[in-house]
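> return a 3D structure for these sequence lines:
(chains A, B, C and D)
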Number of protein chains: 2
Amino acid sequence: MAASTLTEVARLAGVSPATASRVLNGSARKPGPDIADRVRQAADSLGYIPNAQAQGLAKSSSGLIGLIVHDIADPYFAAIARGVQEAAREQRRMVLLATTGGAPAEEKEAVAAFAARRADSIVIAGSRSAQPENQEGNAELAAELDRYCRNGGRVAVVGHAVVGATAPEGYHVVAVPNEELAAALARQLASGWDGDFVIIGGPEGLFTSDDRIRGFQEGLASAGRKPAKVLRTSFNRAGGYEAGLTLAHRVKAGQAESADEPAASKLCIFAVNDVMAIGAAAALREQGLRIPRDATIAGFDDIETLRDFRPALSTVRLPLEEIGRLATRATAPGAAGTDRDGEESAGSAEEGHDAGRQQRISGEVTLRRSTETAT
Amino acid sequence: MAASTLTEVARLAGVSPATASRVLNGSARKPGPDIADRVRQAADSLGYIPNAQAQGLAKSSSGLIGLIVHDIADPYFAAIARGVQEAAREQRRMVLLATTGGAPAEEKEAVAAFAARRADSIVIAGSRSAQPENQEGNAELAAELDRYCRNGGRVAVVGHAVVGATAPEGYHVVAVPNEELAAALARQLASGWDGDFVIIGGPEGLFTSDDRIRGFQEGLASAGRKPAKVLRTSFNRAGGYEAGLTLAHRVKAGQAESADEPAASKLCIFAVNDVMAIGAAAALREQGLRIPRDATIAGFDDIETLRDFRPALSTVRLPLEEIGRLATRATAPGAAGTDRDGEESAGSAEEGHDAGRQQRISGEVTLRRSTETAT
DNA sequence: CTGAATCGGGAAAGCGCATTCCCACTACCT
DNA sequence: AGGTAGTGGGAATGCGCTTTCCCGATTCAG
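From the prediction side, this is the model:
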């Protein structure tokens, strides 16, 4: 990767490198127009492209923003990534991508790598977890993040704060009201259905999953319903599918038992994310069960690609792209700092409540065909 | 973004920066074990993280690989991105992401930005196009790429070669046999259906779309069938939806005309990608038409997220992730260069034929429910 | 036991750029 | 006219690291 340098351009234009620098890359001092022209001409006759590494080194700031996701092919993360990318472009910065599969140890690696590249800020998407096997990893991640922030880096994490991070200067959280929204979903579902509920959740300790489960149960309780049983499985389609099989058997057994009263064995299933819901639905269908006839099902996230799924999936719409944008903007140089953060822009943003560094977004319960209890 | 420097570490360890460098970042020369220990201890007591910018500047290579996609939230690109990311990790490099919406002008910007960051290589995914309004943009993109390669950069483009690129050293193409596969799909569809075919294509000039259309027509011809009508629309879900509406009206008009012979008005629709097919299917469904009863439909790509769509979509499976991996590996430092490129690894890879810099991948026609012509 | 070869470490020169400091010069004010 | 402020340019320094070159200390062969 050799290329022509500023010095070469300067020589060709017959000026000093300092002058060339001033004209080519914005500086407070504007050289005379004639000289500027000469330099510019020299520059593009040489096909000069400034070396961002050198620039970064000289002014210690890289124009890079690091994005950490579990899996970029997961539509949830892809949507967030789009928002991040968009905001990054606004700020004329580039995004560095890291995928970690959700393991804190890997996330720590990624943060270190970003720090090494002197990324100006880091956006971490993807559920935090408190699983015991991740404890050490979480601690290390937190330490790494703290160090990064102490060195002037800015961090935004989507969802929950990183466990153990001491929320230093420059640390932001874009909080997703999983609990409230899940509760709202539960209440709405409860108003149209008075049978049993079942929850398909992710592994215990995964905050996003746990919050949604807790919220759903609370919503159920506030509607005067008994708590739903919870099936723990993995936080992806395969997990949903597996749980779906289990539930299918349960439903079918129920149907066989009380053939006279088929509705009695019907279930309303809440899967803690759309992808799991789709997996579960596939399993049910394979077992000959129809949705919403034999069971109703709802998800969470409102993944765009899944909107054409039939029956249309009831879910909670999350402004994923907006979340990405918000998180990114929160880490922008001029963005809301330590103190007061007045109007955080964006219609769906609400005032934070935690030390002013937190930002909440909102979602919307979206009932569709998959939970219609036909009459 | 300040942080402790090598010099500080060196001072703390009581050695010269040169020595510290040698122990901390691999070098041919291995300092003595006692010294190495001292340095390492100093390093992590200081929380030293090497400055990749400075390293890059010094050895002029950045460990960065640039990825250009139309839209990271599009599952097609997301899948490729996952492959790229995976391969990048193998090579211990990081990926820089740029999304361009497919505009050559933007792509040129992205290449320039990557060049500025001194990315070691660039992977361009996303259809090339020959539309007249893009002509200038294409030329500039080609020029930019040429320059990048001349400066030692390595490029891999997925699908078609960039129009006008002079295929310099370091320029690779991962060719997708769109034409052959579309032809195969057409032949298979033709063997089970003897009515009319319609193609929903992208805008004229988009290579991927044009190739698939051409291939499909060829396949039809080789099966002794007359060419399909082609509807041009945009290369995304919205386009598919729009075309779907048009077709729905056509089908319904046909049904009304020959009520006695409903099958006569039935259509087999080939949408040039899955997302468009889904859009079209949604439109048909909204118009009260059922698939595959009133019309059959096939797509292309076999997007993973769409596999749960009902009726299951017939399509052509493309190893998207593998494509990403292959493209990335092709640009790896040690990878197949100008000359012979023996065993390109990967089961689905076949021997290139074009000057040894081309690499072909293979796909597979996958017929599912959406094109079942029930009896 | 001596000369050459080797090893292990440090000094120093960049990598490409931004930026501070400095200097020559012009314009302006009194 | 003398002085000052202001202006436009260049020289030089440093960002943090790698790498060549160099030098003293060992080691080995003869």
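
> use CA for all of it now, contacts and neighbours both
OK.

> can you give me the helices for chain A?
A:6-13, A:17-24, A:33-46, A:52-59, A:75-90, A:104-116, A:135-150, A:178-192, A:207-222, A:237-257, A:274-286, A:320-330 (DSSP state H).

> closest one to residue B:10 among the ones you listed?
Residue B:10 sits nearest to helix A:104-116 of all the helices of chain A, at 17.9 Å, using Cα to Cα.

> the closest one vs chain B: in contact?
Yes: where contact is defined by Cα under 8 Å from any Cα of the partner chain, part of helix A:104-116 touches chain B, namely A:112, A:115, A:116.

> the first one contacts residue B:49, correct?
Yes: A contact is recorded between residue A:112 and residue B:49 when judged using Cα atoms under 8 Å, the distance being 7.4 Å.

> pLDDT below threshold where in the stretch 151-300 of chain A?
Applying pLDDT under 70 to the stretch 151-300 of chain A flags residues A:167, A:257-265.

> at 90 instead, please
Low-confidence segments of the stretch 151-300 of chain A, defined by pLDDT under 90, are located at A:151-152, A:159-171, A:194, A:251-266.

> which residues touch residue A:82?
A:321, A:324, B:71, B:72, B:73 (Cα atoms under 8 Å, 6 or more residues apart in numbering or on different chains).

> of those - the most surrounded one?
When the contacts of residue A:82 are compared by neighbour count (other Cα atoms under 10 Å in any protein chain shown), residue A:324 ends up highest, at 31 neighbours.

> need the contact list for that one.
With Cα under 8 Å, 6+ apart, residue A:324 has these contacts: A:79, A:80, A:81, A:82, A:83, A:84, A:87.

> any idea which residue sits dead centre in chain A?
With distances taken as Cα atoms, centre = their mean, residue A:125 lies nearest the centre of chain A, 3.9 Å away.

> going by distance to residue B:14, which of the contacts of residue A:324 wins?
residue A:84 (43.7 Å).

> ok, now how distant is the closest one from residue A:326?
Distance from residue A:84 to residue A:326, counting by Cα to Cα, to the nearest Å: 8 Å.

> report pLDDT for the residue nearest to the centre of chain A.
Residue A:125 carries a pLDDT value of 95.

> in contact with it, which residues?
Counting by Cα under 8 Å, 6+ apart, residue A:125 makes contact with A:67, A:68, A:69, A:70, A:77, A:80, A:157, A:158, A:159.

> tell me how many other residues crowd the fifth one.
Around residue A:77 sit 24 other residues, with neighbours defined as other Cα under 10 Å.

> am I right that it is in contact with residue A:69?
Yes: contact criterion Cα under 8 Å: residue A:77 and residue A:69 qualify, at 6.3 Å.

> which neighbours do these two share?
Taking Cα under 8 Å, 6+ apart as the contact rule, the neighbours common to residue A:77 and residue A:69 are A:125, A:126.

> so who does the residue of the stretch 201-350 of chain A found nearest DNA strand C touch?
Proximity of the stretch 201-350 of chain A to DNA strand C (Cα to the nearest atom of the strand) peaks at residue A:333, 14.9 Å away. The neighbourhood of residue A:333, defined by Cα under 8 Å, 6+ apart, contains no residues.

> which pLDDT value belongs to it?
Each residue has a pLDDT score; the one for residue A:333 is 77.

> distance check, it against residue A:120.
Applying Cα to Cα, one obtains 8 Å for the distance of residue A:333 from residue A:120.

> and for residue A:221?
In this structure, residue A:221 lies at 45 Å from residue A:120, with Cα to Cα as the measure.

> the more surrounded of these two?
Counting neighbours by other Cα under 10 Å for residue A:221 and for residue A:120 shows that residue A:120 has the greater number, 25 against 17.

> tell me who's in contact with the nearest residue to residue A:321 once chain neighbours are set aside.
Distances taken as Cα to Cα, 6 or more residues apart in numbering or on different chains place residue A:83 nearest to residue A:321, at 4.2 Å, with adjacent residues excluded. In this structure, residue A:83 makes contact with A:320, A:321, A:322, A:323, A:324, A:325, judged by Cα under 8 Å, 6+ apart.

> in a markdown table: these, plus pLDDT.
A markdown table is the format used below for these (pLDDT from 0 to 100):
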| residue | pLDDT |
| --- | --- |
| A:320 | 97 |
| A:321 | 97 |
| A:322 | 96 |
| A:323 | 97 |
| A:324 | 97 |
| A:325 | 96 |
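
> export those residues as a markdown table, with columns for distance to residue A:38.
Written out in a markdown table, the entries for the contacts of residue A:83 read as follows (distance: Cα to Cα, whole Å):
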| residue | distance to residue A:38 |
| --- | --- |
| A:320 | 48 |
| A:321 | 44 |
| A:322 | 44 |
| A:323 | 45 |
| A:324 | 42 |
| A:325 | 40 |
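
> just grab the bridge partners of residue A:314 for me.
Using DSSP bridges, the bridge partners assigned to residue A:314 are residue A:298.

> do you know the pLDDT at it?
Predicted confidence (pLDDT) for residue A:314: 97.

> residues contacting it?
The neighbourhood of residue A:314, defined by Cα under 8 Å, 6+ apart, consists of A:297, A:298, A:299, A:365, A:366, A:367, A:368, A:369, A:370, A:371.

> from residue B:111, how far off is the third one?
So that's residue A:299. If you measure residue A:299 against residue B:111 using Cα to Cα, the figure is 40 Å.

> swap in the first one?
Residue A:297 sits 45 Å away from residue B:111, taking Cα to Cα as the criterion.

> between the two, who's got more neighbours?
Shown here are residue A:297 and residue B:111; by other Cα under 10 Å, residue A:297 has more neighbours (30 against 27).

> which parts of the stretch 51-200 of chain A sit against DNA strand D?
Proximity of the stretch 51-200 of chain A to DNA strand D is confined to A:54, A:57, A:58, A:59, A:60 under the rule Cα under 7 Å from any atom of the strand.

> out of the residues you listed, which one has the lowest pLDDT?
Lowest pLDDT of those: residue A:60, 84.

> number of nearby residues for that one?
16.

> same question, residue A:201
27.

> for DNA strand D, state which of the residues of the stretch 51-200 of chain A next to DNA strand D is nearest.
Closest approach between these and DNA strand D, by Cα to the nearest atom of the strand: residue A:58, at 3.4 Å.

> show me what from the stretch 101-250 of chain A comes close to chain B.
Of all the residues in the stretch 101-250 of chain A, those in contact range of chain B (Cα under 8 Å from any Cα) are A:112, A:115, A:116, A:117, A:118, A:120, A:151, A:152, A:153.

> would CSV of those with distance to residue A:310 be doable?
Written out in CSV, the entries for those read as follows (distance: Cα to Cα, whole Å):
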residue, distance to residue A:310
A:112, 43
A:115, 44
A:116, 46
A:117, 45
A:118, 46
A:120, 43
A:151, 50
A:152, 48
A:153, 45
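
> show the buried residues in those.
Restricting those to buried positions leaves A:112, A:115, A:116, A:117, A:118, A:120, A:151, A:152, A:153, with burial counted as 16 or more other Cα atoms under 10 Å in any protein chain shown.

> ok, the last one to residue A:170 distance?
Residue A:153 sits at a distance of 7 Å from residue A:170 (criterion: Cα to Cα).

> then the first one?
Counting by Cα to Cα, the gap from residue A:112 to residue A:170 is 17 Å.

> do the second one as well
Here residue A:115 is placed at a distance of 14 Å from residue A:170 (Cα to Cα).

> possible to save the residues of helix A:104-116 next to chain B as a markdown table with pLDDT and distance to residue B:190?
Formatted as a markdown table, those follow (pLDDT from 0 to 100; distance: Cα to Cα, whole Å):
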| residue | pLDDT | distance to residue B:190 |
| --- | --- | --- |
| A:112 | 95 | 55 |
| A:115 | 95 | 57 |
| A:116 | 94 | 57 |
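
> coming back round to it: got a ChimeraX select line for the buried ones in the contacts of residue A:314?
With 16+ other Cα under 10 Å as the burial test, the buried ones among those are selected in ChimeraX as follows:
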select /A:297,298,299,365,366,367,369,370,371
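
> inside strands: which ones of the contacts of residue A:314?
In strands, judged by DSSP state E, the following of those are found: A:297, A:298, A:365, A:366.

> show me what contacts the residue of the stretch 201-350 of chain A found nearest chain B?
Of the residues in the stretch 201-350 of chain A, the one nearest chain B is residue A:309, at a distance of 5.5 Å by Cα to the nearest Cα. Counting by Cα under 8 Å, 6+ apart, residue A:309 makes contact with B:308, B:309, B:310.
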